[in-house]
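*Asks:* What shape does this take:
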Amino acid sequence: MTYMPEQMGTGEILHYKWPQAGTYTVTLKITNDKGSMDEKTQSLTIIENIPPVAIFTFTPANPRVGNLVAFDASLNFDSDGEISGYTWSYTTVGISHFPISLGDQEIISFVWTVAGTYNVTVRITDDEGATATLSKIIEVVAYMDWDVNQDNRPNILDLILIGQHWGETGPPCWIPEDINCDGVINILDIIIIAQHWTG
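*Replies:* Residues are numbered from 1 along each chain as shown. Now for the predicted structure:
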């Protein structure tokens, strides 16, 4: 099938965007100040844009009400370009509502004040406008910080759990045994249990 040539523009340097993939024949015609002309024709293959890949992590892995939860999408990638935009949002599982915005940066953080199950989604856009999304379910629990095993009785059983992780370190509130959220399992966590001891 023969098509009429499509004018791309004029000028020594030209920028042009093809609407779809395919092989195109591009012709350059030049004219000097004497009116003489010359032209050069070359084939050009335009490939389809490959969508980006969405990846994100969050910490702490088992957040509590009031914890600062960090979301990191720095592992996202676009194999044939660059990531140009981020859109974060969440919905509450079991409750009908519009998605609530969390931010538009590669790394964000958020604090939930109500316990619940939340569906967090990141939507990324590449430099060609293609998008990818990824959602993860996050359980935000509300409980007494000093009741490590959640039996409603701060006692020796909670101390045993702390002893099993004694001296370990991690991000603040990384495990329930880090009662004071300082990232270290030590005597300070035991003191908090002692202050609420029920036996």
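*Asks:* Domain ranges for this structure, per the record?
*Replies:* 57-140, 156-195 (automatic domain parsing).
*Asks:* Among those, single out whichever gets nearest to S36.
*Replies:* S36 sits nearest to domain 57-140 of all those, at 39.6 Å, using C-beta to C-beta. Heads up, the C-betas are built off the backbone N, CA and C, glycines and all.
*Asks:* Can you lay out the domains of the chain as TSV showing distance to H15?
*Replies:* Output for the domains of the chain, formatted as TSV (distance: least, C-beta to C-beta, whole Å):
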stretch	distance to H15
domain 57-140	14
domain 156-195	46
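*Asks:* out of the ones you listed, nearest to I50?
*Replies:* Using C-beta to C-beta, the domains of the chain put domain 57-140 closest to I50, at 4.7 Å.
*Asks:* tell me the mean pLDDT for the closest one?
*Replies:* The average pLDDT within domain 57-140 is 93.
*Asks:* how far does that domain sit from the chain's center?
*Replies:* 5 Å (C-alpha atoms, centre = their mean, to the nearest Å).
*Asks:* so how far does it reach from one end to the other?
*Replies:* With C-alpha to C-alpha, to the nearest Å as the measure, domain 57-140 spans 15 Å from end to end.
*Asks:* one step back: can you list the domains of the chain in TSV and add mean neighbour count?
*Replies:* What follows is the domains of the chain, written out as TSV (neighbours: other C-beta atoms under 10 Å):
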stretch	mean neighbour count
domain 57-140	15
domain 156-195	16
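*Asks:* Just tell me which of these ends up closest to T27.
*Replies:* domain 57-140 (25.5 Å).
*Asks:* For the spatially most central residue of the chain, grab phi and psi.
*Replies:* What sits nearest the mean C-alpha location of the chain, by C-alpha atoms, centre = their mean, is A73, with 3.3 Å. A73 adopts backbone torsions of phi -110, psi 20, taken as degrees, to the nearest 10.
*Asks:* and it, what is it in contact with?
*Replies:* Shown in contact with A73 (C-beta atoms under 8 Å, 6 or more residues apart in numbering): A54, I55, F56, Y86, E106, I107, V122, I124.
*Asks:* Determine how far the helix or strand S43 falls within lies from the middle of the whole chain.
*Replies:* Per DSSP states H and E, S43 falls inside strand 37-46. Distance of strand 37-46 from the chain centroid (C-alpha atoms, centre = their mean) equals 42 Å.
*Asks:* Alright, that wraps it up for me.
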